[in-house]
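Asks: sharing a model that was predicted from the sequence below.
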Amino acid sequence: MLTLEPARRLEGCEGAPIDPPVRYRRRAAAMALAIIRTGTIQPGPSKTLTFEPGSTPIRPTSMISPEYLREQTRWIRDVLDQEVAREGPDSIHAEDILKLDELIRQLRDSDLGVRDIKYSRIHLAMLEISGRATRWPRVVIERCDAVAEVWEQKFGRLQDLGTCLYEEGGRLYGVCRPEDTSKDKLMIRWMKAKEIKAFAAHTWGDLGFKPGDWWINPLFAHRDGIIDRSENDGGIVTDAHGAYAVLMAGDEEVSSPSPNEFIYRAKYSHGSGRYRLTAATRDSRKPVRILRSHTLRSFWTPKAGVRYDGLHKVTAWSIRQDRKTKEHIYDITFTRLSTEPSMESIVLCRPWAEEVEDYKQYKRLRQLARSAQHKASELEQSKDVANVSTTIDGTFDVAEADLLGGVPPETGPVELDDAVDDEEKIRTSLTTLADSPGVSMADLLNITAQHEVSSPGTPPVAPLLTRRQPLAL
């Protein structure tokens with residue numbers, strides 16, 4: 001195993017000081033790439049499996065499992081790729097290069113099924129390395145291309161495999177279905193199945209949640225019991241005894257000089273929650289859970305969904321009256337507990353790439369389900385409404401299938417009282433017909449023209465009134 005030499009000052013160098021760790025790290029990375037090309041050295045297996053931001057996950061001694069592959073995918077997409085994007089391909093440590101090469105060899109030699117690939121999303125990691133050739137070392141890209149080619153021969157295009165969301169192993173498996181577009185119906189179903197923890201949010205503390213925990217929207221956070229509301233506009237979780245949690249959205253974060261301290265603006269719509277946070281009681285000093293929504297206008301907001309940022313304590317507040325609305329504004333200062341995990345290395349890295357994909361897929365499938373339900377509703381309504389259209393001359397065309405439930409009207413064509421041939425009687429009949437509602441001047445002219453070319457004894461008005469039904473009828 002290659003190891004980096006300890007940092008030391010280079011002797012005999014004039015001018016600006018050289019950073020020895022960077023120099024030796026690049027040299028070690030170059031040596032690791034050379035080893036990968038020749039295949040002369042294989043890194044030995046490790047006995048522990050850890051995944052902490054900023055650290056390298058270690059290969060387990062057992063066979064490849066979907067959970068292990070999923071951790072490797074997070075390591076590649078959320079740690080290595082971010083580092084390469086910031087500092088370039090030379091920034092990868094030699095140990096990381098060797099471990100990545102060993103992982104690719106395992107993927108090439110193993111017989112993974114499409115279910116494990118979709119669950120772990122390792123195919124997306126391979127596609128990201130292959131698709132961003134300027135970021136990664138060339139040798140790593142070639143190895144990923146070889147693995148992708150083998151998988152495409154078995155399963156088709158990797159871009160079409162997709163991911164698991166509602167299927168087994170997905171985030172929403174057993175929680176809801178794509179056609180569940182009504183929040184109220186979904187809440188009722190959860191309550192009947194006792195899957196929702198209605199009053200769990202009215203408890204102080206973290207309730208077993210860890211900073212960085214993430215949900216697609218407040219509805220699923222409410223289901224898990226960290227908050228007691230499912231609205232997207234934020235609010236304060238409170239009751240008669242105190243305040244327990246705050247979900248921030250919109251413009252509620254006024255100032256935030258650091259991720260560990262911010263000023264929260266409590267609105268009038270938050271009700272008694274702002275009074276509980278600023279009350280001069282012992283319970284008002286207890287830490288509360290802070291959650292940030294992606295709709296919050298803040299530098300520390302998550303990319304998508306809702307994220308739990310840890311326990312915070314009220315350290316100051318101010319109350320003033322708005323000059324325009326005459327509303328009392330509460331600006332409350334929150335400070336994060338020092339015992340909570342680091343915001344920079346643990347919390348701000350969430351949501352992961354896979355969580356952002358779940359959010360986008362959830363929104364897309366829900367929109368498709370809503371569109372399908374809307375079209376089905378329109379189709380049902382159209383069956384009960386007659387197909388009526390207005391013509392140029394002011395009359396109304398009604399489809400025979402839309403009259404009397406699809407049965408043509410029993411009344412035949414409206415004829416003149418007498419089928420006559422005499423011109424004076426025709427004029428008299430036309431004058432009488434002109435006084436009836438629903439007949440325009442164009443109809444009268446058409447009747448006259450038809451009489452001139454029709455055979456004697458044929459009622460000239462019958463063909464026209466058979467085709468058109470006046471509104472008065």
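Replies: Noted; the coordinates are in hand.

Asks: what segments of the protein are helices?
Replies: 20-38, 66-74, 81-87, 94-109, 114-120, 122-131, 138-155, 183-192, 218-224, 273-277, 353-382, 423-434, 441-453, 462-467 (DSSP state H).

Asks: which elements pack onto the fourth one?
Replies: In other words, helix 94-109. For helix 94-109, the elements it packs on are helix 20-38, helix 138-155, judged by 3 or more C-beta pairs under 8 Å, 6 or more residues apart in numbering; DSSP states H and E. Where you see a C-beta, it was placed from the backbone N, CA and C, and this is true even at glycine.

Asks: least confident of those helices, on average?
Replies: The weakest mean pLDDT among the helices and strands packed on helix 94-109 belongs to helix 20-38, with a mean of 51.

Asks: list the contacts for Asn196?
Replies: Not quite, residue 196 is Ile, not Asn. Met187, Trp190, His222, Arg223, Gly225 (C-beta atoms under 8 Å, 6 or more residues apart in numbering).

Asks: so who does the last one touch?
Replies: The reference is to Gly225. Ile196, Lys197, Ala200, Ala201, Leu207.

Asks: out of the residues you listed, which end up buried?
Replies: Neighbour-count burial (16 or more other C-beta atoms under 10 Å) is assigned, among the contacts of Gly225, to Ile196, Lys197, Ala201, Leu207.

Asks: domain parsing for the protein?
Replies: 20-160, 197-351, 388-467 (automatic domain parsing).

Asks: where's Val84 relative to Lys185, distance?
Replies: Plainly put, Val84 is 46 Å away from Lys185 if you go by C-beta to C-beta, to the nearest Å.

Asks: next: Asp101.
Replies: From Asp101 to Lys185 the distance is 51 Å (C-beta to C-beta).

Asks: one more: Gly170?
Replies: 21 Å.

Asks: who has more neighbours, those two?
Replies: Just comparing Gly170 and Lys185: by other C-beta atoms under 10 Å the higher neighbour count belongs to Gly170, 16 against 10.

Asks: contact partners for the nearest residue to that one once chain neighbours are set aside?
Replies: In this structure, Gly170 finds its nearest non-sequential neighbour in Cys164, 3.7 Å apart by C-beta to C-beta, 6 or more residues apart in numbering. By C-beta under 8 Å, 6+ apart, the contact list for Cys164 reads Lys118, Tyr119, Gly170, Tyr173.

Asks: now render those residues as TSV, adding pLDDT and distance to Gln361.
Replies: Output for the contacts of Cys164, formatted as TSV (pLDDT from 0 to 100; distance: C-beta to C-beta, whole Å):
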residue	pLDDT	distance to Gln361
Lys118	93	12
Tyr119	93	14
Gly170	91	9
Tyr173	92	13
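
Asks: now the buried members of these.
Replies: Lys118, Tyr119, Gly170.

Asks: pretty sure the second one sits against Pro66.
Replies: Spelled out, it's Tyr119. Yes: the criterion here is C-beta atoms under 8 Å, and Tyr119 meets it with Pro66 at 4.9 Å.

Asks: between those two, what contacts are shared?
Replies: Gly169.

Asks: low-confidence stretches in the stretch 51-200 of the chain?
Replies: In the predicted model, the stretch 51-200 of the chain carries pLDDT under 70 at residues 51-63, 133-134, 198.

Asks: swap in 90 and give it another go.
Replies: 51-65, 81-98, 100-101, 108-112, 128-143, 158-163, 168-169, 178-189, 191-200 (pLDDT under 90).

Asks: picking that back up, how about the residue nearest to Gly170, phi and psi?
Replies: As for Cys164, its main-chain torsions (degrees, to the nearest 10) stand at phi -100, psi 120.

Asks: measure it to Ser371 for me?
Replies: From Cys164 to Ser371 the distance is 23 Å (C-beta to C-beta).

Asks: swap in Ser65?
Replies: Distance from Ser65 to Ser371, counting by C-beta to C-beta: 39 Å.

Asks: more neighbours, the two?
Replies: For the pair Ser65 and Ser371, the greater number of neighbours falls to Ser65 (13 against 10), based on other C-beta under 10 Å.

Asks: ok, Gly162 - contacts?
Replies: Gly162 makes contacts with Lys118, as judged by C-beta under 8 Å, 6+ apart.

Asks: where's it relative to Ile236, distance?
Replies: Separation of Gly162 from Ile236 (C-beta to C-beta) stands at 39 Å.

Asks: now swap in Ile319 and tell me
Replies: 16 Å.
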